[in-house]
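A.B. asks: mind folding the following:
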Amino acid sequence: MAIDFNKVPGYIRREIDPPKKPIVQGANNKTVKRIQEWLNYHQCRTGIDSDYGPATTACVKDFQKMKRKSATGKVDEATWNLLVKPIRTALKAPVGIKKMTAQQAVLAVGKQHVEQHPIEIGGANRGPWVRLYCEGHDGRAWAWCAGFVSLIMHQSYFYREAKAPIKGSVSCDILASQAKNAGLFIRGRDVSSGKYKWSQFSDACLFLRRRTSTDWTHTGIAADGTGKPKQLVFATMEGNTNDEGSREGFEACYRKRSVSASNYDFIKFE
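C.D. replies: The predicted model follows:
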């Protein structure tokens, strides 16, 4: 999952680079599918079938009108860039990031992502945001919470000209293993007992939701822990979640969680 932002990977380029020529009615390919996904993201809803038919053309016109552009029904470079602007915004370097601590940088980059409202489009674990966080993959098997925090971590450290403390992964279990090997894994019971104070995380850390002693099912960014150790509540930014806070959700959002559930472990940042 290690990402070198000096050379943006092809799977990200495919999501953000405009087509070489305008896409018009009659086209049928993966680029059309991406256009349809982004139209749905922008509330211009149509089928996602890779077929640039009359309905897609009408939705493109609606989107262009929404953005106060000429309603041609064709996706040229300018229209494409407006469609994918949310991902471009999420991937930019926050102002002043080089002066931030690692934890502050993770929060700043995480906020950029969450405020663009990453969401599944076209089915469970599908769409451009899922592919962004899962190295170009999407589909039911690609739960994307670990990929979400991994990309944000690498983006944060890269813009500070530093190396991320762990490699990152699309697997929560692998994140836990990497953190243990790096000496960055903090057991939840040490936090809830007060043995490890929340202030030692500085401004942010990662949480891992534990199912068993060797199995973690969900992860996100944690910050702002408040309260006594056994009743401590922390704020989160997390992907692939929902109103119930489960792993198989549909969006990235802000949440609150409590260590009193006794099923969380944590990964600190260096």
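A.B. asks: flag every buried residue along stretch 140-150.
C.D. replies: 142-150 (16 or more other CB atoms under 10 Å). Placement of C-beta: from N, CA and C, glycine included.
A.B. asks: also stretch 195-203?
C.D. replies: Neighbour-count burial for stretch 195-203 [16+ other CB under 10 Å]: 196, 198, 201, 203.
A.B. asks: which strand of the protein spans the most residues?
C.D. replies: strand 215-226 (DSSP state E).
A.B. asks: please save the CA atoms from that strand in PDB.
C.D. replies: What follows is strand 215-226, C-alpha atoms only, in PDB (Å, rounded to 0.1, in the frame of the first residue of the first chain):
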ATOM      1  CA  ASP A 215      -8.800 -10.400  14.200                       C
ATOM      2  CA  TRP A 216      -9.600  -6.700  13.600                       C
ATOM      3  CA  THR A 217     -12.600  -5.800  11.500                       C
ATOM      4  CA  HIS A 218     -12.600  -2.000  11.200                       C
ATOM      5  CA  THR A 219     -10.300   0.900  11.400                       C
ATOM      6  CA  GLY A 220     -10.200   4.700  11.300                       C
ATOM      7  CA  ILE A 221      -8.400   7.900  12.500                       C
ATOM      8  CA  ALA A 222      -9.000   8.700  16.200                       C
ATOM      9  CA  ALA A 223      -8.500  12.100  18.000                       C
ATOM     10  CA  ASP A 224      -9.800  14.200  20.800                       C
ATOM     11  CA  GLY A 225     -10.100  11.600  23.500                       C
ATOM     12  CA  THR A 226     -12.000  13.000  26.500                       C
END
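A.B. asks: each with direction, which strands does the helix or strand following that strand pair with?
C.D. replies: Sequence-wise, the next helix or strand downstream of strand 215-226 (DSSP states H and E) is strand 233-241. Strand 233-241 pairs in its sheet with strand 215-226 (antiparallel), strand 251-258 (antiparallel), by DSSP bridges.
A.B. asks: most packed of these?
C.D. replies: Greatest average neighbour count among the strands paired with strand 233-241 goes to strand 215-226 (a mean of 21), per mean count of other CB atoms under 10 Å.
A.B. asks: would you map the strands across the stretch 1-150 of the chain?
C.D. replies: Read by DSSP state E, counting those that start in this stretch, the stretch 1-150 of the chain holds no strands at all.
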